[in-house]
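Peer 1: Sequence and predicted structure are below.
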Amino acid sequence: MELNVKIPCDKDNYNVYFESDFKRLKELLSSINASKVMLITDTNVSMHWEKKVLLNIPESMKAFTFKFEAGEASKNLDTVNLIYEALTENKFNRTDLIIALGGGVVGDTAAYVAHTFKRGLPFIALPTSLLSMVDSSVGGKSGVDYKGIKNMVGAFSFPEFVYINTEFLSTLPEREFYNGFAEIMKHGLIKDEEYYLWLIDNMYEICEKDPDTLLKMISHSVLIKKSVVENDPYERGERALLNFGHTIGHAIEAYFKGEYIHGEAVALGCVAASYISWKRNMLEMEDYYEIRDMFVPFNLPITIKTDDLNEIIELMKFDKKNTGNEINMVLLNKIGEAVLVNNIGRDEILKALEELNFKDEV
Ligand SMILES: NC(=O)c1ccc[n+]([C@@H]2O[C@H](COP(=O)([O-])OP(=O)(O)OC[C@H]3O[C@@H](n4cnc5c(N)ncnc54)[C@H](O)[C@@H]3O)[C@@H](O)[C@H]2O)c1
């Protein structure tokens, strides 16, 4: 299956291709007029996919590879510097090409290098994690962490095209698969009730990684992200809705220091935000309980265990949606309709966290 999605950006539109094998990769790459290509990847992805991708680089392009240690710790300016060095040594110029082969860490880093080296080289994104397919490869945000602060240095930069191939998912660790699924569930909750219900109906096929179901799911999630990004390419309004589950999620992620990976913390944040929505008479009670329980079959947590919930609220002070001392959050008017609500009370958040906090009967 192939579906081209036009995403408007200041440069041009770009296509997102959806495939379930590698048959078209070479042809797509041939559409770029470059004599050299730098394949940027990480140590895990390289092990499984570097050879396969190199085989699909057109003979007219001389291929180089830059590989860095997998993981968020590599998403920094030191890695960027090393890539600049490799590009300089091999005399890359503005007509040469960068390919990002990897998850969001590779994608964000390589896109930032492409944006800044010699004031910009063309790049192509080959996202290999579920999260990078449905989230980070769409929307044009690139960048790296700086002094431990996430995405502190970056730019909006847009690829020539994004190539999503579900075959990459065959080697993705299970936990990383469900990590990405949390963002997919979020897409249904904030924008599309029918899609949310489809996800529930297709739970078995998704967990079994049925190729057709994955393709439908990924392309639909990309369409949802595209529609939000299209309306607000530089994150001045509607794009904030994509932050559903992230205010409390980020604080939980920071508080538990690695116990929950991002998507797991987002799932917890979605449950907490849905609880607040219910208590504000926005969401029906049955909907809240359904949302909460629907994360479980996808191996995502719905409870935490701590005796210091206040510390989690303290960590929310750093959320980018806050204004002054107010904590602002994305809530649900109903399933499929999200809204940014200002000045959420500390007591409301505490009650939502108490609801998450482990009890024997849950
Ligand atoms: N630019 C954006 O709009 C945006 C949006 C969301 C997240 N992000 C960023 O994305 C990053 C998270 O992305 P991620 O979850 O993909 O993390 P990641 O890139 O670290 O990938 C997760 C793990 O899976 C491995 N992996 C990836 N694909 C694989 C495959 N096919 N087979 C085997 N192993 C594979 C990686 O090596 C890594 O160990 C964060 O840095 C986050 O800030 C960016």
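Peer 2: Perfect, I can see it now.
Peer 1: For whichever residue of the stretch 151-300 of the chain sits closest to the ligand, which non-adjacent residue is closest in space?
Peer 2: Scanning the stretch 151-300 of the chain for the residue nearest the ligand gives Thr171, at 3.6 Å (criterion: Cβ to the nearest ligand atom). All C-beta spots, glycine's among them, are computed from the backbone N, C-alpha and C. Counting by Cβ to Cβ, 6 or more residues apart in numbering, His48 is the residue found nearest to Thr171 once chain neighbours are left out, at 4.3 Å.
Peer 1: contacting residues around the helix or strand hosting the one you found?
Peer 2: In this structure, His48 sits in helix 43-55 according to DSSP states H and E. For helix 43-55, the external contacting residues (Cβ atoms under 8 Å, 6 or more residues apart in numbering) are 22, 25, 39, 41, 63, 65, 67-70, 99, 101-103, 106, 126, 128, 168, 171.
Peer 1: Mind doing that once more with 10 Å?
Peer 2: With contact meaning Cβ atoms under 10 Å, 6 or more residues apart in numbering, helix 43-55 is reached by 22, 25-26, 29, 37, 39, 41, 63, 65-71, 74, 99, 101-103, 105-106, 126, 128-129, 163, 165, 167-168, 170-173, 176.
Peer 1: In CSV, could you pull the C-alpha coordinates for it?
Peer 2: Output in CSV follows, covering the C-alpha atoms of helix 43-55 (Å, rounded to 0.1, in the frame of the first residue of the first chain):
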residue,chain,number,x,y,z
THR,A,43,24.1,1.0,16.8
ASN,A,44,20.9,-1.0,17.2
VAL,A,45,19.2,-0.1,14.0
SER,A,46,22.4,-0.5,12.0
MET,A,47,22.7,-4.1,13.2
HIS,A,48,19.4,-5.0,11.5
TRP,A,49,18.9,-2.5,8.7
GLU,A,50,22.0,-0.7,7.5
LYS,A,51,23.0,-3.3,4.9
LYS,A,52,19.4,-3.5,3.5
VAL,A,53,19.2,0.2,3.1
LEU,A,54,22.7,0.6,1.6
LEU,A,55,21.6,-2.0,-1.0
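Peer 1: Just give me how far it sits from the chain centre.
Peer 2: 21 Å (Cα atoms, centre = their mean, to the nearest Å).
Peer 1: ok, now stretch 285-299?
Peer 2: Centroid separation for stretch 285-299 versus its chain: 21 Å, with Cα atoms, centre = their mean.
Peer 1: Residue numbering should commence at 28 henceforth.
Peer 2: Okay, residue one is now 28; in that scheme the one you just asked about reads as stretch 312-326.
Peer 1: can you tell me if stretch 71-78 touches the ligand.
Peer 2: Yes: judged by Cβ under 6 Å from any ligand atom, stretch 71-78 comes into contact with the ligand at Asn71, Val72, His75.
Peer 1: Walk me through the domains of the chain.
Peer 2: By the record's domain assignment, the chain is partitioned as 34-198, 201-383 (automatic domain parsing).
Peer 1: Would you reformat those as a markdown table and include mean pLDDT?
Peer 2: Below are those laid out as a markdown table (pLDDT from 0 to 100):
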| stretch | mean pLDDT |
| --- | --- |
| domain 34-198 | 95 |
| domain 201-383 | 94 |
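Peer 1: Generate JSON lines for the ones you listed, with mean neighbour count as supplementary columns.
Peer 2: Below are those laid out as JSON lines (neighbours: other Cβ atoms under 10 Å):
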{"stretch": "domain 34-198", "mean neighbour count": "19"}
{"stretch": "domain 201-383", "mean neighbour count": "19"}
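Peer 1: before we move on, back to that, looks like the residue of the stretch 178-327 of the chain closest to the ligand contacts Leu157 (just checking).
Peer 2: No: look at Thr198 against Leu157 with Cβ atoms under 10 Å: they stay out of range, at 12.0 Å.
Peer 1: picking that back up, could you tell me which residues make contact with the residue of the stretch 178-327 of the chain closest to the ligand?
Peer 2: Counting by Cβ under 10 Å, 6+ apart, Thr198 makes contact with Asn71, Val72, Met74, His75, Trp76, Thr155.
Peer 1: Ok, Lys236 next?
Peer 2: Lys236 neighbours (Cβ under 10 Å, 6+ apart): Leu157, Thr193, Leu196, Ser197, Leu199, Glu201, Phe204.
Peer 1: Phi first, then psi, for Asn337.
Peer 2: Torsion angles at Asn337 (phi, psi; degrees, to the nearest 10) stand at phi -60, psi -30.
Peer 1: so it sits right up against Arg373, yeah?
Peer 2: Yes: Asn337 is in contact with Arg373 according to Cβ under 10 Å; the separation is 8.8 Å.
Peer 1: For the residue nearest the centre of the chain, which non-adjacent residue is spatially closest?
Peer 2: For the chain, the residue nearest the mean C-alpha position is Asp162 (3.3 Å; Cα atoms, centre = their mean). Distance criterion Cβ to Cβ, 6+ apart; nearest residue to Asp162, sequence neighbours excluded, is Glu210 at 4.9 Å.
Peer 1: Surely that neighbour and Glu291 touch.
Peer 2: No: if you go by Cβ under 10 Å, Glu210 and Glu291 don't touch, sitting 11.5 Å apart.
Peer 1: Residues of this protein that sit close to the ligand?
Peer 2: When proximity is defined by Cβ under 6 Å from any ligand atom, the chain lies next to the ligand at 69, 71-72, 75, 97-99, 102, 129-133, 135, 155-156, 158-159, 162-163, 166, 168, 177-178, 195, 198-199, 203, 206.
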